[in-house]
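[1] Pasting the sequence and the predicted coordinates here, then a few questions.
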Amino acid sequence: PLAVGLYPVPASTGSGTVSSACHPLAVGQCPVPVLVSLQSRNWVGDFCGSRLCRFAAVVANNLHLPSSGSHRDSQCKTHICPPAINDYVSEPFVRSVDGLRNPKKRNAQVPLWNYTLLRTQIFIVYFIAGIKKLDADWVEGYSMNQLAGHWLFDPFKLLLSEELVNLLVVHGGGLVLDLTAGYLLFFNATRPFALIFVSYFHCMNSQLFNIGMFSYTMLATSPLFCYPDWPRPIIRRFPAFLKHVSPLTESPGRSASCVYPSDTQGGEGIGQRSGSTRAPHTLRQQLGAAFAVLYIAEQFFLPYSHFITQGYNNWTNGLYGYSWDMMVHSRSHQHVKITYKDGVTGEIGYLNPGVWTQSRRWKDHADMLKQYSGCLAQELRRYNIVDPEIYFDIWVSINDRFQQRLFDPRVDVVRADWSPFRKTSWLMPLLVNLSPWRLKFEEIEKTLDNQTDVVFIADFPGLHLENFVSEDLGNTSIQVLQGELAVEIVAEKKNFSLKEGEKMQLPAGDYHHVYTTSEQPSCYMYIYVNTTMVQFEEKYTRFVELQEKIKNGTETEDISPELQTVLDGTEENINITDPTLAAFVRRQRKQEEYARRRNSTTLERFSRFAKRKHFIFRRSFLMTGYALRNLVFGRPPVEQLVEEFEYASMKFAENTDHESQIKTEDHVEL
């Protein structure tokens, strides 16, 4: 309707021409004119250039033409001055909080800078996220390469392989959408398609990631790009009994917060004769304009302000919340070790990585690690650890690179220096020069069978990895890909030197140390077989075969009463002592639950969806309330915090959740 459209005009038989008009939401003057001619009762508009709000709606609602016969001169010309940031859009403060508090703001026009800020903020979210996705890892498909296996992408797999879905749909589609969504929402011709795609995009994100309210917030803000009066036709169709609770549909009146041109002939509206003047801006309006400009400039600056807040930069630039590099980096943690040392006695011990915290983000951020170390030191003093020293050995892989150390394990983080404005000296560099090895990883993994796993490690000269091979992992070997290693078998007190391409077998159930002896970082891999899982799969296959024979009545083998009860399904509330059988039952229940969910009705699926979202919203509100209370009144006793956390995290189980009916002993875990 913007390029060439018909707009109704208040009753008038006059004609005229409105020329040299600017986009009403522009900040300052618009360089692209809008030519609108008035003919009889219709406006024929021809628009060239970009816009944020319907120009014709502003004119139609606020250009009050004289009554019939008062303006018949075809030569009469009306000029609309280029509006500034404090002009208005024809959208009222209906059902808003300030409108309820102040009757003067009810059904009053809104200053344009309000919409400018909101729309620009959403545009920045999309566009800057697209700019950040021009990173090589995203373009090459390494950032989110696990997403293609999700069922949401199954329709694309009808035409493309999973590798192409990952590269073209997940990464390529995400890049294109973020770069173009703001522009597509901006223009009338593309806005309907953009609304469909961004809504689909955010609905998918709500199912793929645990990102709280973000997806729903973006969905709720999408209509900001529509005409300000878009809800009115819908509201007018509401039943009569809803009218008293519905937003107003009458045309809005003037607002004291808006700037209106004065009319030399006493008329009202934004159309005035040549020579009319604009009322001077008040100090409040000037401050509002300055605030809008500064705020927008700040929002464009913050994603690139990391040269100031260098202490928050790790392998990726923080502050993460102001970066908009959503999902550009994925991490996997292979090994986390926390070592403490008594500064007086020299006693050394180890801590569970999850002790005294529910968060896991401290593993990736130096500022959080510094805070966590202070917390640990404070708690250790209660256990008679005087003057504790704390060392972190954290191994991370980012975007499918080698597993490598993130922080220097030789540094006592409690006493380590950290500043938000200086680089963290105890941060280990990301070995980006080894990124091409990722193609080699794929080739190696394709040569392995389903029972064999591999872990790729990179380490720095002068450091060593202390590792333990579980007895469950048989046939474990280490092979050098680059550099030189010295492997020490602790129990045997033997050392072995390995060069590039060499490998050796590692004993199960023992510790070993891997030293990097080359001048350059070493690269190596562990290849192992989970023998316990292999044995379980064999037993699981046997249980499935026995179960089929029992159902068919062809089983002649003598089996134990416990196994008989489990396989024929005659008893559900049972105590299972055999760990393999318990694992078999859990897998069976999960498969049954998965099949039940796939075959459930639309109403049942919606019920599950509503329960999940209710849990998210409920927990978010409760935890936010607890946090605000603690900030104001201080931290309550630990027992109270535990009870509140359990209450906030409480899930209401479904009546059909059969898995909860299976009772197992504490030690019965595979």
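    Done, it's in. Residues are numbered from 1 along each chain as shown.

[2] and stretch 227-239, average pLDDT?
    Mean per-residue pLDDT for stretch 227-239: 84.

[3] For it, buried residues please.
    227-229, 231-232 (16 or more other Cβ atoms under 10 Å). C-beta coordinates here come from the backbone N, C-alpha and C atoms, glycine included.

[4] how many other residues sit next to Pro111?
    Look at Pro111: counted by other Cβ atoms under 10 Å, it has 20 neighbours.

[5] can you pull up the bridge partners for it?
    Assessed by DSSP bridges, Pro111 has beta-bridge partners Tyr88.

[6] Is Asn467 in a helix, a strand, or coil?
    strand (DSSP: H, G, I helix; E, B strand; the rest coil).

[7] what does Ile478 give?
    strand.

[8] how about the helices in the stretch 251-400 of the chain?
    Along the stretch 251-400 of the chain, counting by DSSP state H, counting those that start in this stretch, helices occupy 283-301, 366-381.

[9] weakest of these by average pLDDT?
    helix 283-301 (a mean of 89).

[10] And that helix, how far out from the chain middle?
    28 Å (Cα atoms, centre = their mean, to the nearest Å).

[11] who does Met525 bridge with?
    Phe456, Gln479.

[12] so what's it up against?
    444, 454-457, 478-479, 481 (Cβ atoms under 8 Å, 6 or more residues apart in numbering).

[13] got a pLDDT number for it?
    So Met525 comes in at 96 (pLDDT).

[14] how close does Ala377 sit to Thr577?
    43 Å (Cβ to Cβ, to the nearest Å).

[15] follow-up on the earlier one: of the buried residues of stretch 227-239, closest to Gln591?
    Pro231 (46.8 Å; Cβ to Cβ).

[16] what's the spacing between the closest one and Arg237?
    From Pro231 across to Arg237, the span is 11 Å (Cβ to Cβ).

[17] Thr624 now?
    37 Å.

[18] Asp137 and Asp400, how far apart?
    8 Å.

[19] Can you check which helix is longest in the chain?
    When the chain is parsed with DSSP state H, its longest helix is helix 602-633.

[20] So which elements touch it?
    helix 638-648 (3 or more Cβ pairs under 8 Å, 6 or more residues apart in numbering; DSSP states H and E).

[21] Turn the buried residues of stretch 227-239 into JSON lines, columns for secondary structure and distance to Asp364.
    Formatted as JSON lines, the buried residues of stretch 227-239 follow (DSSP: H, G, I helix; E, B strand; the rest coil; distance: Cβ to Cβ, whole Å):
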{"residue": "Tyr227", "secondary structure": "coil", "distance to Asp364": "43"}
{"residue": "Pro228", "secondary structure": "coil", "distance to Asp364": "42"}
{"residue": "Asp229", "secondary structure": "coil", "distance to Asp364": "46"}
{"residue": "Pro231", "secondary structure": "coil", "distance to Asp364": "43"}
{"residue": "Arg232", "secondary structure": "helix", "distance to Asp364": "48"}
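
[22] Make JSON lines out of those and add distance to Ile338.
    Converted to JSON lines, those look like this (distance: Cβ to Cβ, whole Å):
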{"residue": "Tyr227", "distance to Ile338": "57"}
{"residue": "Pro228", "distance to Ile338": "55"}
{"residue": "Asp229", "distance to Ile338": "59"}
{"residue": "Pro231", "distance to Ile338": "55"}
{"residue": "Arg232", "distance to Ile338": "60"}
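
[23] which of the residues you listed lies closest to Ala256?
    For the buried residues of stretch 227-239, the closest approach to Ala256 (Cβ to Cβ) belongs to Pro228, at 18.7 Å.

[24] Please, where are all the strands along the stretch 251-400 of the chain?
    Secondary structure of the stretch 251-400 of the chain by DSSP state E, counting those that start in this stretch: the strands cover 331-342, 348-351, 388-398.

[25] Touching the longest one from outside, list them.
    Strand 331-342 is touched from outside by 347-353, 363-364, 376, 380, 385-398, 403, 409, 455, 465-467, with contacts defined as Cβ under 8 Å, 6+ apart.

[26] Can you tell me which of those are buried?
    Applying 16+ other Cβ under 10 Å to the contacts of strand 331-342 flags 351, 353, 363-364, 376, 380, 385, 388-398, 403, 409, 455, 465, 467 as buried.

[27] Excluding residues flanking it in the chain, which one is nearest the residue nearest the centre of the chain?
    Centroid-nearest residue in the chain: Ile211, 4.6 Å away (criterion: Cα atoms, centre = their mean). Nearest residue to Ile211, sequence neighbours excluded (Cβ to Cβ, 6 or more residues apart in numbering): Asn205, at 6.7 Å.

[28] who touches the one you found in this structure?
    Here Asn205 is in contact with 211, 214-215 (Cβ under 8 Å, 6+ apart).

[29] swap in Val125?
    Val125 neighbours (Cβ under 8 Å, 6+ apart): 218, 324.

[30] Validate this expectation: it resides in a helix.
    Yes: using three-state DSSP, the assignment for Val125 is a helix.

[31] Make 19 the starting number, not 1.
    Renumbered: residue one is now 19, and that last one reads Val143.

[32] quick one: it from Phe474, how far?
    Counting by Cβ to Cβ, the gap from Val143 to Phe474 is 35 Å.

[33] ditto for Ser667
    36 Å.

[34] Looking at those two, which is more packed in?
    For Ser667 versus Phe474, the count of surrounding residues by other Cβ under 10 Å is larger for Phe474: 23 against 13.

[35] ok, that one touching Gln422?
    No: counting by Cβ atoms under 8 Å, Phe474 stays clear of Gln422, with 9.5 Å between them.

[36] who touches both of those two?
    Counting by Cβ under 8 Å, 6+ apart, the residues touching both Phe474 and Gln422 are Ser415.
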